[in-house]
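*Asks:* missing the sequence, but the structure's below:
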């Protein structure tokens, strides 16, 4: 015998996710997945081939010795590179790994812009505008 006040678990009882959140989440999800596969490929390339920007043996031993970032870069390539050094080194394992990480992080920007588009279509101008401002701030931080 079922009580009248007893709650049932049906799909109708579940809250519906906002479309802007779904768009944002899907873009972030797939961008991160793509970046992850690139990082895995770069990591394999780093340890299997000799085509590296920084020798992995030197890098790992320097980290375990407690050297600073500046000391490691100076010992590896002569000086700490500025900005997006990996763009010119995408053919190396290190560059591919850093590029995959950057792609995963960059996926936030199209995710926010996609959510902003949906918010504007839903006539939520304030939240859409805030999303655009957020995307601009993140893009400025990435560019440096």
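*Replies:* Cool, got the structure. Keep in mind it's a predicted model, so treat the numbers as computed, not measured.
*Asks:* what about the strands in this protein?
*Replies:* In the chain, no strands are defined using DSSP state E.
*Asks:* Show me the helices in this protein, by range?
*Replies:* Listed in chain order, the helices of the chain (DSSP state H) span 19-48, 56-64, 69-77, 93-106, 108-121, 125-143.
*Asks:* quick one: buried residues of the helix or strand bottoming out on mean pLDDT in the chain?
*Replies:* One helix or strand of the chain scores below all others by mean pLDDT, DSSP states H and E: helix 69-77, with a mean of 88. Buried residues in helix 69-77, counted by 16 or more other C-beta atoms under 10 Å: 72-73, 76. In short, each C-beta sits where N, CA and C put it, glycine included.
*Asks:* Contacts for it, please.
*Replies:* 53-55, 58-59, 62-63, 67, 79-81 (C-beta atoms under 8 Å, 6 or more residues apart in numbering).
*Asks:* Poorly predicted segments of this structure, please.
*Replies:* Filtered on pLDDT under 70, the chain yields the residue ranges 1-12.
*Asks:* Is there a neighbour count for residue 109? I'd like the number.
*Replies:* Counted with other C-beta atoms under 10 Å, the burial measure for residue 109 works out to 17 neighbours.
*Asks:* doesn't residue 140 make contact with it?
*Replies:* No - using C-beta atoms under 8 Å, residue 109 is not in contact with residue 140, being 10.6 Å away.
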